[in-house]
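*Asks:* all I have is the shape, not the residue letters:
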């Protein structure tokens, strides 16, 4: 028997993450890739799997501890020489050759104590590298191939990148050697156990069997880590946002995304248990596997109706209740004529879910108005001529952003967000603007717009829009907005109803400006008018306030000197 230290692997750009759940105890027998602990950062929660199999001798962490890459989780007593054992025993691999398969983004590199003498060097023959257990995903698309035949591959080196509708992740190699054959290409769909590549040479790790070898009972007992949060709300519940931001403060009240680890979510799905109806007994109301089992026992005992009613009452109060709608119609469109089927882009899937939730849960009202921008447009044109050599083109949207900042200062309830029964007033002025990209609509956020001039705003808008088109926007580039602006001015239209970008409470829509006759008291004169469409959350803002906001915004755009007052 050999003692092996199981350490925290590279889990991304996180440092000092908190242990919120310990899934094993001393004396337990664990298998390779079984989840050991759950950690939580300010962005996400994830499970840390074991890189080897054996018996837990000593736990080195407890709930509340802070860990980082390389921290020892526990010591494991693994059987020496078990690498020659039958396939279902991945635990038998020597400590320095622990199974690498089954790891996703947070994969643990194999611990490296001295290899037992009884473990011979890995064979130099062909080694098959397969897709490990990457969570509850099926038919994920290969979007990038990172290696080519002939490359020398190190154990845990990334081979391909796959993408589901929830996340993208790199698949590492479970062994080292020379890449002889690639079995996948960009655009292929892969599943757990699919063959990725064939290596030849001195393998650094014994390839694991396909995870499908485990029985359903084992899967339920161990629940391997999933690399992305899953949506477990009932089908009628609006889809929760797939961005991995995790809000511990919101987990005390059941809602669209209950507070539970990926393995508990998988366990609940297998039993058909709606997590929104389960009361969590863990820290911060976290739902544990025992809570799911207790709920199931209550259902079998005939107490389901009482529990469901008790759980749904606060859920409805929190605004996340489901809608009793007819199912979506199933239609065979091909019987009416030729069709072509194209999958939605990942951005459209994510934004669609967010827009659906925002439209259903926010009581929208839209105030329409017009702003006279005749003089401002003339000033914009002359400014661009004067600054032609600078390369910075000033758009009308830059002037509108600065005017919106002035309006937010005058009407601070528009620069706020609902937090339960409280209203959080923001002291910063970050303005989001909708950017049209080949893959769909995204909303970059221009930070501290109140501290920037028109030229700087125009320059930064151009940089953010380019990042959006290139698909290089980070999460930080799209967070923290005070209010958003959706501009259709370059396309057309008179007015529209933009959907509020939660948790903001308002969004401004701009349509195409047009020259119209306006009565000046003596005669009709031609004036350039910009349509303004202000959608607002009626829970926070009443109609009179919205009308005043739009009217003031129109006054500022008509006479930009007001911005100095």
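*Replies:* Happy to help now that I have it. Please read these numbers as outputs of a predicted model, since none were measured by experiment.
*Asks:* residue 418 touches residue 539, doesn't it?
*Replies:* Yes - with contact defined as C-beta atoms under 8 Å, residue 418 counts as touching residue 539 (6.7 Å). Every residue, glycine included, has its C-beta placed from N, CA and C.
*Asks:* more neighbours, the two?
*Replies:* More crowded of residue 418 and residue 539, by other C-beta atoms under 10 Å: residue 418, with 17 against 13.
*Asks:* now do the host helix or strand of the more buried one: distance to the chain's middle.
*Replies:* Assessed by DSSP states H and E, residue 418 sits inside strand 416-419. Averaging C-alpha positions (C-alpha atoms, centre = their mean, to the nearest Å) puts strand 416-419 21 Å from its chain's average.
*Asks:* ok, then the element right after that strand?
*Replies:* strand 422-425.
*Asks:* so what does that following strand touch, helix or strand wise?
*Replies:* Using 3 or more C-beta pairs under 8 Å, 6 or more residues apart in numbering; DSSP states H and E, the elements in contact with strand 422-425 are strand 416-419.
*Asks:* okay, now the sheet partners of the strand it packs on, with direction.
*Replies:* Note on strand 416-419: by DSSP bridges, its sheet partners are strand 422-425 (antiparallel).
*Asks:* and the contacts of the strand it pairs with?
*Replies:* Contact partners of strand 422-425, identified using C-beta atoms under 8 Å, 6 or more residues apart in numbering, comprise 412-413, 415-418, 540.
*Asks:* so for stretch 347-367, what gets flagged as buried?
*Replies:* Counting neighbours by 16 or more other C-beta atoms under 10 Å, one finds that the buried residues in stretch 347-367 are 347, 349-351, 353-355, 357-358, 361-362, 367.
*Asks:* report the two of those residues separated the most.
*Replies:* Spanning the widest gap among the buried residues of stretch 347-367 are 349 and 367, at 31.0 Å by C-beta to C-beta.
*Asks:* top strand in the chain by residue count?
*Replies:* strand 524-537 (DSSP state E).
*Asks:* same question for whatever helix or strand residue 20 lives in, mean pLDDT?
*Replies:* Of the helices and strands defined by DSSP H and E, residue 20 is found in strand 17-22. Mean pLDDT, strand 17-22: 85.
*Asks:* same check on stretch 338-351?
*Replies:* pLDDT averaged over stretch 338-351 gives 86.
*Asks:* now do the same end-to-end measure for that stretch.
*Replies:* End-to-end distance for stretch 338-351: 29 Å, by C-alpha to C-alpha, to the nearest Å.
*Asks:* what residues sit buried inside stretch 49-68?
*Replies:* Neighbour counts over stretch 49-68 (16+ other C-beta under 10 Å) mark 49-56, 59, 61, 65, 67 as buried.
*Asks:* now do stretch 382-402
*Replies:* Neighbour-count burial for stretch 382-402, counted by 16+ other C-beta under 10 Å, picks out 383, 392-402.
*Asks:* and for stretch 421-437?
*Replies:* Using 16+ other C-beta under 10 Å as the test for burial, stretch 421-437 gives 426, 429-437.
*Asks:* residues contacting residue 364?
*Replies:* Applying C-beta under 8 Å, 6+ apart to residue 364 gives the contacts 497, 499-500, 535-538.
*Asks:* so which of those is the closest to residue 126?
*Replies:* residue 499 (54.0 Å).
*Asks:* state the phi and psi torsions of that closest one.
*Replies:* In terms of degrees, to the nearest 10, the main-chain angles of residue 499 are phi -90, psi 130.
*Asks:* related to what we said a few turns ago, is it possible to get CSV of the buried residues of stretch 421-437 that adds pLDDT?
*Replies:* Listed next are these as CSV, based on pLDDT from 0 to 100:
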residue, pLDDT
426, 97
429, 97
430, 97
431, 97
432, 96
433, 96
434, 92
435, 90
436, 85
437, 84
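*Asks:* which ones among the residues you listed lie within strands?
*Replies:* Reading strands off those with DSSP E, I get 431-433, 435-437.
*Asks:* closest to residue 299 among these?
*Replies:* residue 432 (43.9 Å).
*Asks:* do you know how far that closest one is from residue 511?
*Replies:* Look at residue 432 and residue 511: by C-beta to C-beta, to the nearest Å, they are 18 Å apart.
*Asks:* next, residue 384: phi, psi?
*Replies:* Dihedral angles phi and psi of residue 384 (degrees, to the nearest 10) take the values phi -70, psi -40.
*Asks:* so what's it up against?
*Replies:* Residues in contact with residue 384 (C-beta under 8 Å, 6+ apart) are 393-394.
*Asks:* tell me the pLDDT of it.
*Replies:* Residue 384 is assigned a pLDDT of 91 by the prediction.
*Asks:* ditto for residue 285
*Replies:* Per-residue confidence at residue 285 stands at 78 (pLDDT).
*Asks:* surely it touches residue 275?
*Replies:* No - with contact defined as C-beta under 8 Å, residue 285 does not reach residue 275; the gap is 11.7 Å.
*Asks:* of the two, which one has the most company?
*Replies:* Applying other C-beta under 10 Å to residue 285 and residue 275 shows that residue 275 carries more neighbours, namely 26 against 18.
*Asks:* between its first and last residues, how far does stretch 275-287 reach?
*Replies:* End to end - C-alpha to C-alpha - stretch 275-287 spans 8 Å.
*Asks:* off-centre distance for it?
*Replies:* 22 Å.
*Asks:* quick one on the thing from earlier: closest to residue 457 among the ones in strands among the buried residues of stretch 421-437?
*Replies:* Using C-beta to C-beta, residue 431 comes nearest to residue 457 of these, at 8.7 Å.
*Asks:* look up how far residue 544 lies from the closest one.
*Replies:* On the measure of C-beta to C-beta, residue 431 and residue 544 end up 24 Å apart.
*Asks:* again, but for residue 437
*Replies:* Look at residue 437 and residue 544: by C-beta to C-beta, they are 37 Å apart.
*Asks:* what's the answer for residue 396, then?
*Replies:* For residue 396, the distance to residue 544 - C-beta to C-beta - is 28 Å.
*Asks:* with residue 141 instead?
*Replies:* 50 Å.
*Asks:* okay, these two: which has more neighbours?
*Replies:* A direct count of neighbours by other C-beta under 10 Å for residue 141 and residue 544 places residue 141 higher, at 17 against 9.
*Asks:* Three-state assignment for that one, please.
*Replies:* When classified by DSSP: H, G, I helix; E, B strand; the rest coil, residue 141 comes out as strand.
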